[in-house]
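Engineer: let me see the structure of the following:
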Amino acid sequence: MASCRPGEEKKNDIMTARGSIPALLLCTLNALCGGSAMPVHPLRVACLERGSESTPPLPATRDGSYPRELARLLGEGYEVRSFPLMVPEQGEMQGNVDPRGTALGAWKPDIVLVAPGDVDSSLTRGKPGSLTSDALAHVVTGLGALSSKPRIILLLPPPSFPASHQADSLLLVGTIQRIRSVAYGARCEVVDLHSLFLGNDEKGFGLPCASPVAPALIAGRLGEIITTEEVPGIDVSRVSSGTAARSSYYGYECWSFTFEGREARIVCPKRTARGSPWIRRARFWGHEPQTEIALLERGFHVAYCDVAELFGNEEALGIWDRFYRALTGAGLGKKTVLEGLSRGGMYIY
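Structural biologist: Take a look at the predicted model:
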């Protein structure tokens, strides 16, 4: 099915599912107020996928595409539409891909899902290293300039090859690192669709290009991200005893400082989950960070205070107790998750 040209609309290119209680309640409130309440509009979700004349993005109405599954999952109160993501090639005038003058800009999306790599299963081509950070950063800047001021979410591409394949390693060190770098610089969200499929090759759905359930898995993860309630984040200045240095931790904002003379770090999620959950790393900061990255994506903070040479003695536990009180006093939840890697297990037990 051909996609619409810019500025052209087709009725079947807009998907609005039904069955949402919140939207119904808002409509009822509007009626009870005699029509004085603000009109209810569906939350508009734009799915941007890379494409060209030879490999166009799938229209949102095609069964088996992740935007279609996402619309079904979100229900009434949301409107999901696919748009082409035009990324400037090297040497191309970047103004040629400014989204403000396109059909996307005219549609005024509330949320934009950006797939710099091929997200949809039928579009997976396995072309690591084909995207520059500058090009993607320009696209994100343009999206941020839209009049609707949308929430921008970058998607890490799912694997195109088995995890043991060299091309998948190139994808990890190439495209994925660039996307995370842009997400950090622009302070926008990033969702890891790559890890979503790892370790499942033997079940027949490890690779999206060969998986009939891939669109539903992708839509399910994105649906969680879109609908998760957000609460205010932590005030780092209430924990650090001096100046805190900002850096990137796999695309997330990391603050480094000293606490009672000890090296300490706090990594903040893009959006804090209800209850302000957090995980405390006991030892070997940055080694095997997969769990921390997954929890950051789900709204957790990550905290670390180095008491390495104390080996879990009373002095170490006292520092940790005071670090805990400082973190909870700054806004984190009362219950934490303790992560004990290697001899860090001695500290948490």
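Engineer: can you give me the helices in the stretch 201-349 of the chain?
Structural biologist: 214-227, 290-297, 314-329, 344-348 (DSSP state H, counting those that start in this stretch).
Engineer: helices of the stretch 51-200 of the chain, residue ranges please.
Structural biologist: Using DSSP H, counting those that start in this stretch, the helices found in the stretch 51-200 of the chain span residues 66-74, 103-107, 133-144, 166-171, 177-186.
Engineer: ok, back up a step: indicate which one of the helices of the stretch 201-349 of the chain is closest to residue 255.
Structural biologist: Residue 255 sits nearest to helix 314-329 of all the helices of the stretch 201-349 of the chain, at 12.0 Å, using Cβ to Cβ. Placement of C-beta: from N, CA and C, glycine included.
Engineer: now do the closest one: everything it contacts.
Structural biologist: Contact partners of helix 314-329, identified using Cβ atoms under 8 Å, 6 or more residues apart in numbering, comprise 234, 238-239, 259-260, 262, 264, 266, 278, 280, 303, 305, 307, 310, 334, 336, 347.
Engineer: would you mark the buried spots in that helix?
Structural biologist: Across helix 314-329, burial judged by 16 or more other Cβ atoms under 10 Å covers 316, 319, 320, 323, 324, 326, 327, 328.
Engineer: ok so, going back, least reliable of the helices of the stretch 51-200 of the chain by average pLDDT, please.
Structural biologist: Between these, the lowest average pLDDT goes to helix 166-171, which shows a mean of 59.
Engineer: re the thing from before, next, format the helices of the stretch 201-349 of the chain as CSV and append distance to residue 175 and mean pLDDT.
Structural biologist: As requested, these are exported to CSV (distance: least, Cβ to Cβ, whole Å; pLDDT from 0 to 100):
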stretch, distance to residue 175, mean pLDDT
helix 214-227, 17, 91
helix 290-297, 16, 90
helix 314-329, 34, 84
helix 344-348, 32, 57
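Engineer: dump these to a markdown table, plus distance to residue 74.
Structural biologist: Shown next, in a markdown table, are those (distance: least, Cβ to Cβ, whole Å):
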| stretch | distance to residue 74 |
| --- | --- |
| helix 214-227 | 6 |
| helix 290-297 | 19 |
| helix 314-329 | 34 |
| helix 344-348 | 39 |
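Engineer: so which of those helices gets nearest residue 178?
Structural biologist: helix 290-297 (16.1 Å).
Engineer: helices or strands up against the closest one?
Structural biologist: Counting contacts by 3 or more Cβ pairs under 8 Å, 6 or more residues apart in numbering; DSSP states H and E, helix 290-297 is packed against strand 189-192, strand 278-281, strand 301-305, strand 337-339.
Engineer: ok, 10 Å please
Structural biologist: strand 189-192, helix 214-227, strand 245-249, strand 252-259, strand 262-268, strand 278-281, strand 301-305, strand 337-339 (3 or more Cβ pairs under 10 Å, 6 or more residues apart in numbering; DSSP states H and E).
Engineer: now for the longest one, which elements pack on it?
Structural biologist: Spelled out, it's helix 214-227. Applying 3+ Cβ pairs under 10 Å, 6+ apart, we find helix 214-227 packed against strand 43-50, helix 66-74, strand 78-85, strand 111-115, strand 151-156, strand 189-192, helix 290-297.
Engineer: hmm, try it at 6 Å
Structural biologist: Secondary-structure packing of helix 214-227 (3 or more Cβ pairs under 6 Å, 6 or more residues apart in numbering; DSSP states H and E): helix 66-74.
Engineer: which of the helices and strands packed on helix 290-297 sits most buried?
Structural biologist: Across the helices and strands packed on helix 290-297, averaging neighbours per residue (mean count of other Cβ atoms under 10 Å) puts strand 301-305 on top, at a mean of 25.
Engineer: now that strand - C-alpha only, PDB.
Structural biologist: Output of strand 301-305 as PDB, limited to C-alpha atoms (Å, rounded to 0.1, in the frame of the first residue of the first chain):
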ATOM      1  CA  HIS A 301      17.200   6.500  39.200                       C
ATOM      2  CA  VAL A 302      20.600   4.800  39.700                       C
ATOM      3  CA  ALA A 303      22.800   5.800  42.700                       C
ATOM      4  CA  TYR A 304      26.400   4.900  43.700                       C
ATOM      5  CA  CYS A 305      28.600   5.800  46.600                       C
END
